[in-house]
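Novice: Structure, please.
(2 chains)
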Amino acid sequence: MLDLAFIREHPDLIKDVARRRKTAVDVDALLALDADLRETRRRAEFLRAEQNRLSRSIQQAGPDKEAREGFIAQGRAVAAELKELEPRERDLEARLREYLLLVPNIPDASVPEGAGEEDNVEIKRVGQPRQFDFEPLDHVALMQGQDWLDLERAAKVAGSRSYILKGDAVLLELALMQFALQRIAAKGFQPLDVPVLAREYCFFGNGQFPRGREQTYSLPEDEVYLVGTAEVSITGMHTGEILREQDLPIRYVGYSPCFRREAGTYGKDTRGILRVHQFYKVEQYVICRADHEESVRWHEDLLRNSEEIVEALELPYRVLNICTGDLGDAKVKGYDIECWIPSEGRYRETHSDSYFHDYQARRADLRYRDADGVVRYVHTLNNTALASTRTIIALLENHQQRDGTVRIPMALRPYLGGRETLGKPWRG
RNA sequence: GGAGAGAUGGCAGAGUGGUCGAUUGCAGCGGUCUUGAAAACCGCAGCCCGCAAGGGCCGGAGGUUCGAAUCCUCCUCUCUCCGCCA
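Specialist: A predicted model of the protein is given here:
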């Protein structure tokens, strides 16, 4: 959410931003509601002041019955008008907020202009895609050859985009989570295991709602929703708080399952476990002072943390600067890390590193008191440390061996009991 | 799931229809005193909208009333007991 006063003063900038981000926002309707609300509120406040004056007069009138009755009659008239005005005031507030929630954030000047993902700009490429001296398998063939994956029964249990991991694949999944969690924790991030069933306000605060509603699983009976990332719950944790500046920055590393409906993706990435409804993720989350330079520093730091993880797993990757048309509404700027997927002969997204300035903080009403005692909205950032399924794909495909086993990268071995390979030889 | 109790400022804890944004204690900030610290004493202190005047905020949302922290309804959360349960 942006500052209403800012929108009021820069309507053309907002319209331009909305156009560049391909986001529909009716700025004129928003401003009309704002004007209407301000006028309504001005009148209501005048009446409330009148009411307070009359209330005092009634007390001061004491036993003077006549004066008393006069004031009470006046009070009745004021109350009658307020009774009409107040519902209108509330209604305008609610409608204005609905519009406000749809206004996207303002991208940083360093965000490339573009219509969609094809315009994202590669800013870095690390590692060489491996040259195989045998015919490499894709993750599905590889995993099925090892009896690590059962997609048919998963579909029977839970429908499409589900999976059942088996055997070493399960151990690998847990090892990856441990590996990422411990690595980030060692940098001073506090590990967090948060609720994955969260209330609606968390999703509004984080920026998922109202626009992303159809991507979220809901449990209407209990008025909770399944989070698509721990970020939602972490934002919800601090909603409505005023933090102390000396407690900033707050650094968390959250671990959670993630649920995504993937509505509207029929026919896209249908093979294997690249695009699934449920996976696990270790997520970095930072709350810092309201300072652009500090946000930028953290954004780069979080990227570096994730790069180190990918490098330790010996995966070739590249980093993209996400363009205006592909950037989520709430973000000021975002980097994606994409890992090399041999079977596709291309890089695929495994990480997303974002900063928001005070956009999420305004929605979530998350503030801090600075050294001068001024209350400000915090800045928030987050980045994937490691997402289970996509990392499993990249790791298995990149480190597969001729005989169908998989070499475990050195850094991961401590989390797999010191083993050097996964699986049994079954081909070659 | 059933029965009951409660929710007030950073914390503790008064206040049951009329200058109550709210007594008080602790913590906090500033000052006096002190070589320094502690103690003592004095003072300042919450959040939101507004340039201001002013208005709003006592878990949240409605309602009753000229007037609500106080009365009514719904919701959320916490605690106690019973049931169920990994």
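Novice: My guess is A:L395 contacts A:R407. True?
Specialist: No - counting by C-beta atoms under 8 Å, A:L395 sits too far from A:R407 to count as a contact (9.6 Å). Bear in mind the C-beta positions are built from the backbone N, C-alpha and C, glycine included.
Novice: Return the set of residues that bridge with the nearest residue to A:F356 once chain neighbours are set aside.
Specialist: In this structure, A:F356 finds its nearest non-sequential neighbour in A:T380, 5.1 Å apart by C-beta to C-beta, 6 or more residues apart in numbering. With DSSP bridges as the criterion, A:T380 is bridged to A:I287.
Novice: Report how many residues lie close to the residue of the stretch 201-350 of chain A found nearest RNA strand B.
Specialist: Across the stretch 201-350 of chain A, the shortest distance to RNA strand B (C-beta to the nearest atom of the strand) belongs to A:I242, at 6.2 Å. Each residue near A:I242 was counted by other C-beta atoms under 10 Å, and the total is 13.
Novice: Check what pLDDT it gets.
Specialist: Listed pLDDT for A:I242 reads 83.
Novice: residues in contact with the closest residue to it other than its chain neighbours?
Specialist: Distances taken as C-beta to C-beta, 6+ apart place A:R367 nearest to A:I242, at 4.9 Å, with adjacent residues excluded. Listed by C-beta atoms under 8 Å, 6 or more residues apart in numbering, the contact set of A:R367 reads A:E241, A:I242, A:L243, A:A361, A:V375, A:R376, A:Y377, A:V378.
Novice: List the ones among the residues you listed that fall in strands.
Specialist: Under the assignment DSSP state E, these contribute A:I242, A:L243, A:V375, A:R376, A:Y377 to strands.
Novice: pLDDT wise, what is A:R130 at?
Specialist: On the pLDDT scale, A:R130 gets 95.
Novice: Oops, could you answer that again for A:A80 instead?
Specialist: pLDDT, A:A80: 91.
Novice: Which strands or helices does the helix or strand hosting it pack on?
Specialist: According to DSSP states H and E, A:A80 maps onto helix A:65-100. Packing partners of helix A:65-100 (3 or more C-beta pairs under 8 Å, 6 or more residues apart in numbering; DSSP states H and E): helix A:4-9, helix A:27-61.
Novice: which ones are touching the residue in the stretch 51-200 of chain A positioned nearest to RNA strand B?
Specialist: Residue of the stretch 51-200 of chain A nearest RNA strand B, by C-beta to the nearest atom of the strand: A:G75 (2.4 Å). A:G75 makes contact with A:Q51, A:L54, A:S55, A:I58 under the criterion C-beta under 8 Å, 6+ apart.
Novice: ok, the third one - how many residues close by?
Specialist: By other C-beta under 10 Å, 12 other residues sit near A:S55.
Novice: hang on, the earlier thing: for the residue of the stretch 201-350 of chain A closest to RNA strand B, list the residues it contacts.
Specialist: A:I242 makes contact with A:R367, A:Y368, A:R369, A:V375, according to C-beta under 8 Å, 6+ apart.
Novice: Looks like the last one contacts A:Y368 (just checking).
Specialist: It stands for A:V375. Yes - with contact defined as C-beta under 8 Å, A:V375 reaches A:Y368; the gap is 7.4 Å.
Novice: okay, these two: which has more neighbours?
Specialist: Neighbour count, other C-beta under 10 Å: between A:V375 and A:Y368, A:Y368 has more, with 25 against 10.
Novice: A:L315 and A:G127 touch, don't they?
Specialist: Yes - when contacts are counted by C-beta under 8 Å, A:L315 is listed as touching A:G127 (6.9 Å).
Novice: so what's in contact with the two at the same time?
Specialist: Shared contacts of A:L315 and A:G127 (C-beta under 8 Å, 6+ apart): A:W340.
Novice: follow-up on the earlier one: for RNA strand B, tell me which of the contacts of A:I242 show up nearby.
Specialist: Filtering the contacts of A:I242 for proximity to RNA strand B by C-beta under 7 Å from any atom of the strand leaves A:R367, A:R369, A:V375.
Novice: Between these, which sits nearest RNA strand B?
Specialist: Nearest to RNA strand B out of those is A:V375 (C-beta to the nearest atom of the strand; 3.8 Å).
Novice: Name all residues that make contact with that closest one.
Specialist: A:V375 touches A:I242, A:R367, A:Y368, A:R369, counting by C-beta under 8 Å, 6+ apart.
Novice: Distance check, the first one against A:A158.
Specialist: As for A:I242, its distance to A:A158 is 42 Å (criterion: C-beta to C-beta, to the nearest Å).
Novice: before we move on, what about the last one?
Specialist: Using C-beta to C-beta, one gets 47 Å for the distance from A:R369 to A:A158.
Novice: got a pLDDT number for A:Y266?
Specialist: 89.
Novice: no wait, A:D26
Specialist: With respect to pLDDT, A:D26 has a value of 92.
Novice: Break chain A into its domains for me.
Specialist: Domain ranges of chain A: A:4-100, A:117-422, per automatic domain parsing.
Novice: Deepest-packed of those domains, please.
Specialist: domain A:117-422 (a mean of 19; mean count of other C-beta atoms under 10 Å).
Novice: now do the same end-to-end measure for that one.
Specialist: 35 Å (C-alpha to C-alpha, to the nearest Å).
Novice: same question, stretch A:134-153
Specialist: End-to-end distance (C-alpha to C-alpha), stretch A:134-153: 31 Å.
Novice: just stretch A:265-280 next, same as before
Specialist: One end of stretch A:265-280 sits 20 Å from the other (C-alpha to C-alpha).
Novice: How far does that stretch sit from its chain's centre?
Specialist: Remark: stretch A:265-280 is offset 19 Å from the chain centroid, using C-alpha atoms, centre = their mean, to the nearest Å.
Novice: Mind putting the ones next to RNA strand B among the contacts of A:I242 into TSV with pLDDT?
Specialist: Compiled in TSV, the ones next to RNA strand B among the contacts of A:I242 are given as follows (pLDDT from 0 to 100):
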residue	pLDDT
A:R367	87
A:R369	82
A:V375	84
